[in-house]
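# Sequence plus the predicted model coming up.
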Amino acid sequence: MNQIVCLSTSNYNPFPTRKQNVMKRLKDSKVLYFDPPVTILAPLKDRSALKRLFAFRKEGEKVTDSVTVYAMPPVLPFYNRVRLVNRINQRILSSYVRGKMKLHGFSEPVLWCYSPSSCDIVSEIPKRALVYDCVDRHSAYKGMINPSVVDRMERDLAKGADLVFSTAAGLHETLSGYNRNSVLVPNGAAYELFSKAAEGGLKVPEELSGIEGKIFGFVGMLQECINYEWLEALAKKCPGSHLVFIGRKLPGVDLSRLGNYKNVHFLGLKKQEELPKYLSRFDVCLNPFRPGSLSKDVSPLKFYEYLATGKPVVTAPEPLQVLDYKDVVYLAESEDEFIGQCLRASGENDPALRTRRMRYAKECSWDARVSRMEEELKKRGIFGAGG
């Protein structure tokens, strides 16, 4: 049985990302999944973070037969700006992690990291192997970070890893320069769930039942790298249609202009299992990323989930991965093109395109992605031949 200590950058609940989808699918494995820590200053910006300051005192939550989730203790701020602060934080966290390992009988697990800041914890945790799974260009994020510090931490983490996974070609190019044991494995989709949106008979959610006309829909985090100018132009020039947003708005994102339009609807976060009902009512799925270093190297889950529905997808040419599917999506490089492609997509009547999108999505399912990762882990002796 493989023992895995996963130091995540996403809370296990409520919204699944790559981390949760990978960890719960690894075969013959027991996983201790650690939610990311909050800083002691976090409640000053987000009052909801106050509960997370003390969540580490709770018992672990067994979310599946193989995965137990723990919250981390709070840490000092500015660790992405000052390496010394990060070293202090990681020493605090390592003591907590070692305690939970002892509780569960973990002696020398596979340490599986998602954040560059974990570079300073690896020497503090007994382990038999180190895996770094890179899902973002971490130094491209805004906020209290020093990009050069973050890049150096990532370099140190990648160099010491036994295996490095990355989700996008740009990330893989960087990381393979640090470690030859680097493999590109993009994100995927829960195909078995999202393909239900292509089936008939799903009950339309009450929030959408009264909407008449075409629906252009977006699912995902409302973050700075989304092109809200394009979306506002669509709302303005297509008043008989509707824009529906499902997802949480990140701090600092201003949606006030979009909110002024009567045909724009913000529905907030929804449980993943409910999403097919909403997507089944969408006429077109939107993936309007704004150009930038973060957008270029992201691997958007929403894109693969859109494909699984079979619905038409209108997308910017970034993230670059969407270009692998240009035969089944509507590409737009300008505001006018975006509106035009949305109108064309909303009138699509081609069952063959729907079938091809769903076939691509099935090839990109999480089951297929994790199977690929397991092959690489076994090849390097990190997982046993039967694990």
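Looks like it came in fine.
# ranges for the strands of this structure?
2-7, 29-34, 61-62, 67-70, 110-113, 129-134, 163-166, 182-184, 215-219, 242-246, 264-268, 284-287, 313-315, 330-331 (DSSP state E).
# now these in CSV, with distance to Arg372 and mean neighbour count?
Where C-beta positions appear, they are placed from N, C-alpha and C, glycine not excepted. Putting these into CSV (distance: least, C-beta to C-beta, whole Å; neighbours: other C-beta atoms under 10 Å) gives the following:
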stretch, distance to Arg372, mean neighbour count
strand 2-7, 16, 22
strand 29-34, 16, 22
strand 61-62, 27, 12
strand 67-70, 20, 21
strand 110-113, 16, 25
strand 129-134, 13, 23
strand 163-166, 9, 24
strand 182-184, 8, 19
strand 215-219, 25, 23
strand 242-246, 29, 22
strand 264-268, 34, 16
strand 284-287, 23, 25
strand 313-315, 24, 25
strand 330-331, 27, 18
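# Out of these, which is closest to Phe383?
Phe383 sits nearest to strand 2-7 of all those, at 5.5 Å, using C-beta to C-beta.
# pLDDT on the closest one, on average?
Averaged across strand 2-7, the pLDDT comes to 98.
# tell me the angle of that strand relative to strand 129-134?
Put simply, strand 2-7 runs at 50 degrees to strand 129-134, going by axes from the mean of the first three to the mean of the last three C-alpha atoms, to 10 degrees.
# Can you convert the strands of the chain into a markdown table and add a column each for distance to Asp46?
Shown next, in a markdown table, are the strands of the chain (distance: least, C-beta to C-beta, whole Å):
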| stretch | distance to Asp46 |
| --- | --- |
| strand 2-7 | 22 |
| strand 29-34 | 20 |
| strand 61-62 | 22 |
| strand 67-70 | 21 |
| strand 110-113 | 24 |
| strand 129-134 | 26 |
| strand 163-166 | 29 |
| strand 182-184 | 34 |
| strand 215-219 | 23 |
| strand 242-246 | 20 |
| strand 264-268 | 16 |
| strand 284-287 | 27 |
| strand 313-315 | 31 |
| strand 330-331 | 36 |
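# nearest to Ser195, of those?
When the strands of the chain are compared (using C-beta to C-beta), the closest one is strand 284-287, at 13.7 Å.
# Tell me where the model's unsure across the stretch 201-350 of the chain.
Within the stretch 201-350 of the chain, the segments meeting pLDDT under 70 span 294.
# Helices of that one, start to end?
Taking DSSP state H, counting those that start in this stretch, the helices of the stretch 201-350 of the chain run over residues 206-209, 228-237, 256-259, 275-279, 293-296, 301-309, 335-346.
# Now do the buried residues in the third one.
Of the residues in helix 256-259, those buried under the neighbour-count criterion (16 or more other C-beta atoms under 10 Å) are Leu258.
# same check, this time on the second one
Neighbour-count burial for helix 228-237, with 16+ other C-beta under 10 Å as criterion, is recorded at 228, 230-235.
# Can you add distance to Ile125 and give the residues you listed back as a markdown table?
A markdown table is the format used below for these (distance: C-beta to C-beta, whole Å):
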| residue | distance to Ile125 |
| --- | --- |
| Tyr228 | 42 |
| Trp230 | 45 |
| Leu231 | 44 |
| Glu232 | 48 |
| Ala233 | 50 |
| Leu234 | 49 |
| Ala235 | 50 |
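# Indicate which one of the strands of the chain is closest to Asp151.
Nearest to Asp151 among the strands of the chain is strand 129-134; the distance by C-beta to C-beta comes to 11.9 Å.
# returning to what we had before: any idea which of the strands of the chain gets closest to Glu363?
Counting by C-beta to C-beta, Glu363 lies closest to strand 182-184 out of the strands of the chain; the figure is 15.0 Å.
# List the strands paired with the closest one, with their directions.
strand 163-166 (parallel) (DSSP bridges).
# who touches the strand it pairs with?
Strand 163-166 is touched from outside by 129, 131-135, 158, 172, 175-176, 178-179, 181-185, 373, 376-377, 380, 382, with contacts defined as C-beta atoms under 8 Å, 6 or more residues apart in numbering.
# Packing partners of the lengthiest helix in the chain?
Scanning the chain for the helix with the most residues, using DSSP state H, yields helix 83-104. Here helix 83-104 touches strand 2-7, strand 29-34, helix 147-159, going by 3 or more C-beta pairs under 8 Å, 6 or more residues apart in numbering; DSSP states H and E.
# What residues of that helix count as buried?
Neighbour-count burial for helix 83-104 [16+ other C-beta under 10 Å]: 83, 85-86, 89-90, 92-94, 96-97, 100-101.
# Just give me how far that helix sits from the chain centre.
On the basis of C-alpha atoms, centre = their mean, to the nearest Å, helix 83-104 sits 25 Å off its chain's mean C-alpha point.
# cool, and stretch 21-29?
The answer for stretch 21-29 is 17 Å, by C-alpha atoms, centre = their mean.
# residues of that stretch that come out buried?
Neighbour-count burial for stretch 21-29 [16+ other C-beta under 10 Å]: 21-26, 29.
# Ok, stretch 40-49 next?
Within stretch 40-49, the residues that count as buried by 16+ other C-beta under 10 Å are 42-43, 49.
# before we move on, the earlier item: per-residue confidence averaged over the longest helix of the chain?
97.
# Let me have the helices and strands packed on helix 83-104 in JSON lines, extended by distance to Val328.
Output for the helices and strands packed on helix 83-104, formatted as JSON lines (distance: least, C-beta to C-beta, whole Å):
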{"stretch": "strand 2-7", "distance to Val328": "34"}
{"stretch": "strand 29-34", "distance to Val328": "34"}
{"stretch": "helix 147-159", "distance to Val328": "34"}
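# how about these, which one is nearest Val63?
Using C-beta to C-beta, the nearest of these to Val63 is strand 29-34, at 7.7 Å.
# if you skip the residues just before and after it, what's nearest to the residue in the chain sticking out farthest from the centre?
Ranked by distance from the centre of the chain (C-alpha atoms, centre = their mean), the top residue is Gly240, with 32.6 Å. Leaving out its chain neighbours, the residue that sits closest to Gly240 by C-beta to C-beta, 6 or more residues apart in numbering is Gly213, at 5.2 Å.
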